[in-house]
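J.: all I have is the shape, not the residue letters:
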Ligand SMILES: C[S@@+](CC[C@H](N)C(=O)[O-])C[C@H]1O[C@@H](n2cnc3c(N)ncnc32)[C@H](O)[C@@H]1O
């Protein structure tokens, strides 16, 4: 049996593939350089994977925000952890349903075998624990990824999917004038 290793203080990922035949983790040297590769083709709208085996935890580089509350962050506990961010993503992480059994990763572009699977992190994250300089290389790259809090409504609206809890937080921010460190358009 494969040894389970702890990838971060909060996330637990086994060495064994969590989605054999569907997802492959390309483990690369360097910090946070690994990535998730699709072993199957997907069409826009196809469910790539359901979010299963989640555990609630503190906000971390590895967690996914699933609501507006401070305690609404989950660890994926699977190879989905290795999905990188892209400013022009090919999948979305949809945690909008009130029934968490419906939470899933869905293709929003054609995905070919061998493609990296990437989602737009601010579509789930409001204010990220570990901001980074984006290397996605997309034409519309935002360069620094810190979370939706730092993006205008217009910038978010250009992306094809943003989770309901993020829109709620944008609404709150824009209505109250609180929390508005929006810099000029990126
Ligand atoms: C949940 S991890 C994703 C998997 C990660 N690449 C790894 O090897 O563990 C999130 C971290 O990956 C890195 N990352 C993800 N997308 C990136 C991107 N587009 N550009 C640069 N770094 C990225 C950042 O360090 C980020 O905090």
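T.: Looks like it arrived, so ask away. Since the model is a prediction, treat every value here as computed from it, not as a measurement. Numbering: from 1, shown residues only.

J.: so where is the chain shaky, pLDDT-wise?
T.: 1-14, 177-186 (pLDDT under 70).

J.: tell me where this structure has helices.
T.: Taking DSSP state H to define them, one finds helices in the chain at 153-157, 164-176.

J.: which one of those lies closest to residue 50?
T.: Evaluated over the helices of the chain, closeness to residue 50 peaks at helix 164-176, with 18.3 Å, by Cβ to Cβ. In short, each C-beta sits where N, CA and C put it, glycine included.

J.: show me what contacts the residue sitting nearest the centre point of the chain?
T.: Nearest to the geometric centre of the chain sits residue 121, at 4.3 Å (Cα atoms, centre = their mean). Residues near residue 121 by Cβ atoms under 8 Å, 6 or more residues apart in numbering: 85, 128, 145, 147.

J.: any idea which of the residues you listed is closest to the ligand?
T.: Taking Cβ to the nearest ligand atom as the measure, the ligand sits nearest to residue 85 out of the contacts of residue 121, at 3.7 Å.

J.: what's the burial count for the residue lying closest to residue 17 once chain neighbours are set aside?
T.: Excluding its sequence neighbours, the residue lying closest to residue 17 (Cβ to Cβ, 6 or more residues apart in numbering) is residue 79, at 6.2 Å. Neighbourhood size, residue 79 [other Cβ atoms under 10 Å]: 23.

J.: looking at the helices of the chain, which is buried most?
T.: helix 164-176 (a mean of 15; mean count of other Cβ atoms under 10 Å).

J.: now tabulate the helices of the chain in JSON lines and tack on distance to residue 17.
T.: As requested, the helices of the chain are exported to JSON lines (distance: least, Cβ to Cβ, whole Å):
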{"stretch": "helix 153-157", "distance to residue 17": "33"}
{"stretch": "helix 164-176", "distance to residue 17": "30"}
